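A.B. asks: Sharing a model that was predicted from the sequence below.
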Amino acid sequence: MPNTTVDLYGRVFVCGSIRAVTGLHIGGSPAALAIGALDNPVIRDALTGRPYIPGSSVRGKMRSLWEKMTGRTQNWPIGRGVKIHICEKEAAYNECPVCQVYGVPGQLEASFPTRLVVRDAFLSDESEEELRLRAKTDYPYTEVKWEAAIDRVTSAAVPRQMERVPADTVFQGFEAAFSIYEEKDLSRFLTVLEAMQLLEDDYLGGLGSRGSGKIRFEKLAVLCRKRNDYGALARWEETPEGSNLGVQAILNMKADLLKWLEDNIPLEDYKAAAS
């Protein structure tokens, strides 16, 4: 194990919303193989029927992009010929800029609690009303984009339907929670912001090479809790209520942010509350 003691000194949170700059397709499972049914539906909340953005989709794409940015070897198969980077040995894990943040499977030698958790983001009330009352969508809250797969030999076109959330839709409740277990984690948190910027410059979900999936993080705030006063939630003063800061704006102030984190999450021993 990389460490026999797990010391949680505090947590840092990035909260805000996600705007679909172009149509967004994050796939779900077709309910039935019925005539006229969509070939490629989006994922929807089981209770409300509204599309949402799974935290796993955001986190997984951030990890994938950070692996490429840092030049990690793709060595761990996850199905259908897809591989990701996983450190299997403790020595490699201790120096890895990916696994330290995004974690490894629990059965491995390098296993340690993951630092990054990303929550689901749900359709905002404003976008729900806009799509329900004013937008002329093909399905509730979504549009259908027709595409054609072209046979390179015969030139025959095979049409298919792709369900997308329309451009300019906003999802609220985005939250990335990052745990601080050691001093290096304070600066590792900045790589989470950089991975968010990488995601903005890439795409989320499917059909990205054909125009879908460009997103933007908006109205971001950075907050933290510390070990010996976990009930108190401190907000970084550079992300005030009502502001519309994006990732790039925060990265432009990352030296100030790191200093604030060092001041607000001291690496001190746990002290039991007085009875």
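C.D. replies: Here it is on my side, so go on.
A.B. asks: Residue ranges in this protein under the pLDDT threshold?
C.D. replies: The chain contains residues with pLDDT under 70 at 1-4, 29-38, 148, 158, 274-275.
A.B. asks: Skip the chain neighbours and tell me the closest residue to S111.
C.D. replies: Leaving aside its chain neighbours, S111 sits nearest to V104 (5.9 Å; criterion: Cβ to Cβ, 6 or more residues apart in numbering). For every residue, glycine as well, the C-beta is placed using N, CA and C.
A.B. asks: So E128 belongs to a helix, correct?
C.D. replies: Yes - counting by DSSP: H, G, I helix; E, B strand; the rest coil, E128 is located in a helix.
A.B. asks: Make 4 the first number, not 1, from now on.
C.D. replies: With 4 as the first residue, the last one maps to E131.
A.B. asks: now the nearest residue to it once chain neighbours are set aside: how far from Y144?
C.D. replies: Distances taken as Cβ to Cβ, 6+ apart place R53 nearest to E131, at 6.5 Å, with adjacent residues excluded. R53 sits 6 Å away from Y144, going by Cβ to Cβ, to the nearest Å.
A.B. asks: With neighbour numbers in mind, choose between those two.
C.D. replies: More crowded of R53 and Y144, by other Cβ atoms under 10 Å: Y144, with 22 against 18.
A.B. asks: Which residues are in contact with R135?
C.D. replies: Residues counted as contacts of R135 (Cβ atoms under 8 Å, 6 or more residues apart in numbering) are 143-144.
A.B. asks: Wait, P80 touches H88, no?
C.D. replies: No - using Cβ atoms under 8 Å, P80 is not in contact with H88; the gap is 11.6 Å.
A.B. asks: Mind checking which of the two has more residues around it?
C.D. replies: H88 (22 against 11).
A.B. asks: Grab the nearest non-local neighbour of the more buried one.
C.D. replies: Spatial nearest neighbour of H88, chain neighbours left out: R75 (3.7 Å); criterion: Cβ to Cβ, 6+ apart.
A.B. asks: and the one you found, which of the three is it?
C.D. replies: Put simply, R75 is coil when judged by three-state DSSP.
A.B. asks: all strands in the chain, in order from the N-terminus.
C.D. replies: Counting by DSSP state E, the segments of the chain that form strands are 13-23, 55-56, 79-82, 85-87, 119-121, 124-126, 146-153, 160-167, 173-183, 218-229, 237-238.
A.B. asks: hang on, the earlier thing: so what sits against both of R53 and Y144?
C.D. replies: Common neighbours of R53 and Y144 (criterion: Cβ under 8 Å, 6+ apart): 126, 131.
A.B. asks: Turn the strands of the chain into CSV, columns for distance to L207.
C.D. replies: Shown next, in CSV, are those (distance: least, Cβ to Cβ, whole Å):
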stretch, distance to L207
strand 13-23, 8
strand 55-56, 7
strand 79-82, 18
strand 85-87, 17
strand 119-121, 12
strand 124-126, 11
strand 146-153, 16
strand 160-167, 12
strand 173-183, 11
strand 218-229, 5
strand 237-238, 27
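A.B. asks: what about those, which gets the closest to V45?
C.D. replies: Nearest to V45 among the strands of the chain is strand 160-167 (4.8 Å), distances taken as Cβ to Cβ.
A.B. asks: helices or strands up against that closest one?
C.D. replies: Secondary-structure packing of strand 160-167 (3 or more Cβ pairs under 8 Å, 6 or more residues apart in numbering; DSSP states H and E): strand 146-153.
A.B. asks: Each with direction, which strands does the strand it packs on pair with?
C.D. replies: strand 160-167 (antiparallel) (DSSP bridges).
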